[in-house]
Every structure is written in structure tokens, then in C-alpha cells.
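Enquirer: Attaching a predicted model along with its sequence, questions to come.
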Amino acid sequence: MKRKVILVVLILLALGGTAFAQEAEAADGTAVWKYFAAALAVGLSCIAGGIAVGQIGSAAMGAMSENPELSGKALPYAGLAEGICLWGFLVALLIIIF
């Protein structure tokens, strides 16, 4: 069931960009794929970042329950996992600009 929902969302994203890209479409038709690639870069990186933060957060809470001094050591790892989302956004900006 989850695969069908993901497939439908991806198809709607692919077809939704064509309605708004009529003016900006280049002669070779790359404008639609450019916006699709940017959306895919942001979407997948945010999903991966959310999964990583969830796993790091649960492991950090388990470690802090045993030793409260470890709370400061777990914070940078969560920040690194959130950085995945920022890199996806930067890649999407570069795709749209160029």
C-alpha cells in the first residue's frame, strides 16, 4: 500500500510541473525535468534526514538514560543528520538556477 501511495505522489509531482512550466519551457523541453529533479532532490534528502535524526535521537535518548553526561556529545550528530536536508536544498537551487 505504501508503494502505491509513493508512486501516485511521484506521478503527480511529475505531471504537476507541466501545468506551470509552459512559459519557461526551453526548446528542448528540459524545464519540466529540471523542476522535477529539484523536487526529488529536496524530497529525498529531507526523508533521509528525518530517518537519520530519528535513529540518532532514539540512540541518544537511550545513552542519556544510562549516562546523563552524554547529552552534549549526541547533539553534533543530530546536526550532521539535519545537514543532509540543507545539502538537498542547495542541490535543488543549483539545479533550478543552472
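Expert: Noted; the coordinates are in hand.

Enquirer: The helix ranked longest in the chain: what's the following helix or strand?
Expert: As assigned by DSSP state H, the longest helix anywhere in the chain is helix 30-66. Sequence order places helix 71-97 as the next helix or strand after helix 30-66, per DSSP states H and E.

Enquirer: Could you name the helices and strands sitting against the longest helix of the chain?
Expert: helix 2-20, helix 71-97 (3 or more Cβ pairs under 8 Å, 6 or more residues apart in numbering; DSSP states H and E). C-beta: built from backbone N, CA, C; applies to glycine.

Enquirer: Going by mean pLDDT, which of those helices comes out lowest?
Expert: Lowest mean pLDDT within the helices and strands packed on helix 30-66: helix 2-20, at a mean of 69.

Enquirer: Let me know how buried the nearest residue to L13 once chain neighbours are set aside is, in neighbour terms.
Expert: Distances taken as Cβ to Cβ, 6 or more residues apart in numbering put A39 closest to L13, at 5.6 Å, once the chain neighbours are dropped. By other Cβ atoms under 10 Å, 18 other residues sit near A39.

Enquirer: ditto for the one 10 residues further on
Expert: Under the neighbour criterion other Cβ under 10 Å, G49 is assigned a count of 19.
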